[in-house]
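Undergrad: The sequence isn't on hand, but the structure is:
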């Protein structure tokens, strides 16, 4: 009897699974509350963007749901612009031109496969000729739909032709190249993909589509409203910055990860020390330097691209950490087979470093997309050089806040949509890039 009382008096041991459930429940509850707090401002922004500025006067109101749902604010953003009609025509022409160019390049590749002994000049002539025919089709379609007149546009036409032939030739050579001996020489690295040809073909068609739309904008530019101009400025800055900054960061990271040379440690330490100083310290100097070069106000777009890319090599830390995790034996095997350093970087390291490449592109794209400080400083006083952040701020700062608030919300929603979609689509690679680069090799 006493033994039973002793056992009953002992405290019950907690179940491990019960403890885990309680802990996980607490964590999920906290995360849910944080997510709601994070989403509330965005939900408010979206709902207010549908509140008509014509029917419901006032900026900040004490109710969340609009009394009259309307697209007036979004229509205002595109007033005076032929954006939608131009985009429809551009996509139609681009699809046709891309289909023609892809088909010609594909047929050219088939013909080259049958002519193994063809010299380099003949191959260049065949590919260049096929692209020239595709460009003629693009110009004809553009002239028919956009009302583009060939007379008096010789300079623009020649620039567009050079762009199409140069970029198109590079894409075509990448598509037609069959020499994968270097990659196959690495045991267990390359797995043959039976759908590789179809993937290359679709990629080539997509690249020609984008190139065709860019060239159509050169030949028959759209009429833009203020907001559309700001949006194009922002997109142009972000795209150029993403490409240039990614190339610079990955090149510096590879050099510091794989090469050993005098001053390597000194450079890394110096960059680390310089990175401790905020970039705002150089704002005045940068502004006067850009002003001397004529890259401020109306010409702020190239000036901002230069600012964002100039010191991008200093952000090599995460990329270098990722490259350190890739075995150096792959580099050595390729070097033994006769590959150059650039070939090793392009064909060996880059396919394995996909997560860090996408992470670098995403970070390089996001930084200028929402930048206000440098953009307002460089483009001060001229709306032609504004990006979206500066333009929207001036709407609610210098104009009537009560009337422009809902239009500000609509502009903010259109800014947030592409970057949110991009981040969600690449989230997996973003996490892999951060975690992979955080490991010291």
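TA: Cool, got the structure. In this text the structure is predicted, and so the values were computed from the model without any measurement. Numbering: from 1, shown residues only.

Undergrad: Mind giving me the packing neighbours of the helix or strand harbouring residue 366?
TA: Using DSSP states H and E, residue 366 maps to helix 354-369. Other helices and strands packing on helix 354-369, by 3 or more C-beta pairs under 8 Å, 6 or more residues apart in numbering; DSSP states H and E, are helix 226-258, helix 300-310, helix 317-324, helix 401-425, helix 427-437. The C-beta positions use only the backbone N, C-alpha and C, and glycine is treated the same way.

Undergrad: any idea how far residue 363 lies from residue 352?
TA: Going from residue 363 to residue 352 by C-beta to C-beta, to the nearest Å gives 19 Å.

Undergrad: that older thread, beyond the helix holding residue 366, next helix or strand please.
TA: Taking DSSP H and E as the definition, the helix or strand that follows helix 354-369 towards the C-terminus is helix 373-378.

Undergrad: What residues of that following helix count as buried?
TA: Taking 16 or more other C-beta atoms under 10 Å as the neighbour-count basis, helix 373-378 is seen to contain the buried residues 374-378.

Undergrad: Same check on stretch 68-80?
TA: Buried residues in stretch 68-80, defined by neighbour count with 16+ other C-beta under 10 Å: 70, 72-74, 76-78.

Undergrad: Could you do stretch 294-305 as well?
TA: Neighbour-count burial for stretch 294-305 [16+ other C-beta under 10 Å]: 295-297, 299-305.

Undergrad: Not counting its own residues, what contacts stretch 279-297?
TA: 302-303, 306-307, 311, 373-374, 377-382, 384-385 (C-beta atoms under 8 Å, 6 or more residues apart in numbering).

Undergrad: So this protein: which segments form each domain?
TA: As recorded under automatic domain parsing, the domains making up the chain are 15-75, 84-223, 225-441.

Undergrad: What about the buried residues of stretch 68-80, which are in strands?
TA: Among these, no member is found in strands (DSSP state E).

Undergrad: Those in helices, which ones?
TA: Within those, membership in helices is found for 72-74, 76-77, as judged by DSSP state H.

Undergrad: Closest to residue 266 out of those residues?
TA: residue 77 (51.1 Å; C-beta to C-beta).

Undergrad: State the distance from residue 305 to residue 242.
TA: Using C-beta to C-beta, one obtains 10 Å as the distance from residue 305 to residue 242.

Undergrad: Where does pLDDT dip in the stretch 101-250 of the chain?
TA: Applying pLDDT under 70 to the predicted model, the residue ranges of the stretch 101-250 of the chain that meet it are 115-120, 149-153, 177-196.

Undergrad: Go again with 90.
TA: Residue ranges of the stretch 101-250 of the chain with pLDDT under 90: 101-226, 228, 232.

Undergrad: all helices for it, in order.
TA: Taking DSSP state H, counting those that start in this stretch, the helices of the stretch 101-250 of the chain run over residues 120-146, 154-176, 181-184, 196-219, 226-258.

Undergrad: Is it possible to get a markdown table of these that adds mean neighbour count and distance to residue 50?
TA: Below are these laid out as a markdown table (neighbours: other C-beta atoms under 10 Å; distance: least, C-beta to C-beta, whole Å):
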| stretch | mean neighbour count | distance to residue 50 |
| --- | --- | --- |
| helix 120-146 | 17 | 33 |
| helix 154-176 | 16 | 40 |
| helix 181-184 | 13 | 52 |
| helix 196-219 | 17 | 30 |
| helix 226-258 | 21 | 17 |
